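Visitor: Structure of the sequence below:
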Amino acid sequence: MRIAIFAIGLLAAAPAQAASLLHPMFADHAVLQRGQPIPVYGSARPGADVTVQLGAATAKARADKDGRWQAALPAMTAGGPYVLHAASGADSQDARDVLVGDVFLCTGQSNMAMSVKGAANATAEIAAATDTEVRELLAGSQRTTDVKAIADYSYRTSSFSGDGFCLIGDAACFLDPVFSTGVLMAMTSAELAAETIDHSLRSKGRIDARDFRRFERIYKRGVARFARFVHGFYEPAMLETFYTRAPNRWIERAVTTVLGGGVFFPSFKARFFTLTFALCVVLTGAAQAVRGRGAFERATGIVGAEPDA
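Guide: Residues are numbered from 1 along each chain as shown. The predicted model follows:
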């Protein structure tokens, strides 16, 4: 069985060739899903006819006014390697060593990049392996920029998606793990992205940047709600409020709901009492300003202690 592994939260492919007809997703060593029609798409001159061939199967399409075209090859059984050939007039492009098999979308955190050789009992596992045609989308990729250190514990990219790709988990953003948000954010963003991808592929056979607008809006709002607590944890007013018994149990429940993961689709009640908690933080900050640095701030070490008068 032929298998492709799409991993590590970044749905991308090899760079496109100059004046290419095929979308960059259709690159050398690709794997196409067996047992169902195979959508193939790309760009050509507006109005141009395009012919696609994979093995003995062929399909034709015509580019629209924006130059986009899409053809559907008939369903095929597992096999290959094939050459995926696209031609339009004098232009042509080949994607070589293409297999037809099973395509899996995998997601996770940094351990998704760990190879079998780093696992327990690696020698025996490798010796017993029979799936010689497993392929990874990012295998053989090269870094194009220098590695840069991030001075803060948190970061967020300006855009989480584009034509044919989206960022999830740590690829999109990372928050200081004071509340252990990493796994939740990775899995939730993967679920949101998968729903978007599935809907787009079923409805039109491709994925454009605009398809990810809802995904990006929901994800960014959830990250922002989490971030307020993460960054606030290092402020004495928020920290004292957090550790003080809530005057109303619904405030406590609202905060617990947020930190428990209810940041992507919070209820009206959760939003209201989270706002109430924020107002309590403001009042605590005012009280701290009046009384000066107290035992709580000195004990946490967040605010440097000053000698008592």
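Visitor: Please enumerate the strands of the chain.
Guide: With strands called from DSSP state E, the chain shows them at 3-6, 31-33, 38-43, 49-54, 57-62, 68-73, 79-88, 91-105, 135-136, 155-156, 161-162, 165-166, 173-174.
Visitor: These into JSON lines, with extra columns for distance to Ala286 and mean neighbour count?
Guide: C-beta coordinates here come from the backbone N, C-alpha and C atoms, glycine included. As requested, the strands of the chain are exported to JSON lines (distance: least, Cβ to Cβ, whole Å; neighbours: other Cβ atoms under 10 Å):
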{"stretch": "strand 3-6", "distance to Ala286": "51", "mean neighbour count": "18"}
{"stretch": "strand 31-33", "distance to Ala286": "60", "mean neighbour count": "22"}
{"stretch": "strand 38-43", "distance to Ala286": "59", "mean neighbour count": "22"}
{"stretch": "strand 49-54", "distance to Ala286": "67", "mean neighbour count": "20"}
{"stretch": "strand 57-62", "distance to Ala286": "66", "mean neighbour count": "15"}
{"stretch": "strand 68-73", "distance to Ala286": "58", "mean neighbour count": "19"}
{"stretch": "strand 79-88", "distance to Ala286": "66", "mean neighbour count": "19"}
{"stretch": "strand 91-105", "distance to Ala286": "50", "mean neighbour count": "17"}
{"stretch": "strand 135-136", "distance to Ala286": "55", "mean neighbour count": "18"}
{"stretch": "strand 155-156", "distance to Ala286": "30", "mean neighbour count": "12"}
{"stretch": "strand 161-162", "distance to Ala286": "41", "mean neighbour count": "19"}
{"stretch": "strand 165-166", "distance to Ala286": "43", "mean neighbour count": "23"}
{"stretch": "strand 173-174", "distance to Ala286": "32", "mean neighbour count": "21"}
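Visitor: who touches the closest residue to Asp66 other than its chain neighbours in this structure?
Guide: Distances taken as Cβ to Cβ, 6 or more residues apart in numbering place Pro46 nearest to Asp66, at 6.9 Å, with adjacent residues excluded. Residues near Pro46 by Cβ atoms under 8 Å, 6 or more residues apart in numbering: 63-67.
Visitor: quick one: which of these is nearest to Ser158?
Guide: Proximity of the contacts of Pro46 to Ser158, judged by Cβ to Cβ, is greatest for Asp66, which lies at 25.4 Å.
Visitor: just to revisit the earlier point, between the strands of the chain, which gets nearest to Asp198?
Guide: Judging these by Cβ to Cβ, what sits closest to Asp198 is strand 91-105, at 9.4 Å.
Visitor: Give the other helices and strands that the closest one contacts.
Guide: Of the remaining helices and strands, those touching strand 91-105 by 3 or more Cβ pairs under 8 Å, 6 or more residues apart in numbering; DSSP states H and E are strand 3-6, strand 31-33, strand 79-88.
Visitor: Next, the angle strand 38-43 makes with the last one.
Guide: Think strand 79-88. On the basis of axes from the mean of the first three to the mean of the last three Cα atoms, to 10 degrees, strand 79-88 is oriented at 30 degrees to strand 38-43.
Visitor: returning to that earlier point: can you lay out the helices and strands packed on strand 91-105 as JSON lines showing mean pLDDT?
Guide: Shown next, in JSON lines, are the helices and strands packed on strand 91-105 (pLDDT from 0 to 100):
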{"stretch": "strand 3-6", "mean pLDDT": "39"}
{"stretch": "strand 31-33", "mean pLDDT": "94"}
{"stretch": "strand 79-88", "mean pLDDT": "95"}
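Visitor: nearest to Arg253, of those strands?
Guide: Nearest of the helices and strands packed on strand 91-105 (Cβ to Cβ): strand 3-6, 38.5 Å.
Visitor: picking that back up, can you redo the helices and strands packed on strand 91-105 as a markdown table with distance to His23?
Guide: Output for these, formatted as a markdown table (distance: least, Cβ to Cβ, whole Å):
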| stretch | distance to His23 |
| --- | --- |
| strand 3-6 | 15 |
| strand 31-33 | 13 |
| strand 79-88 | 10 |
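Visitor: among the ones you listed, which is nearest Thr123?
Guide: With Cβ to Cβ, the closest approach to Thr123 among the helices and strands packed on strand 91-105 belongs to strand 3-6: 21.4 Å.
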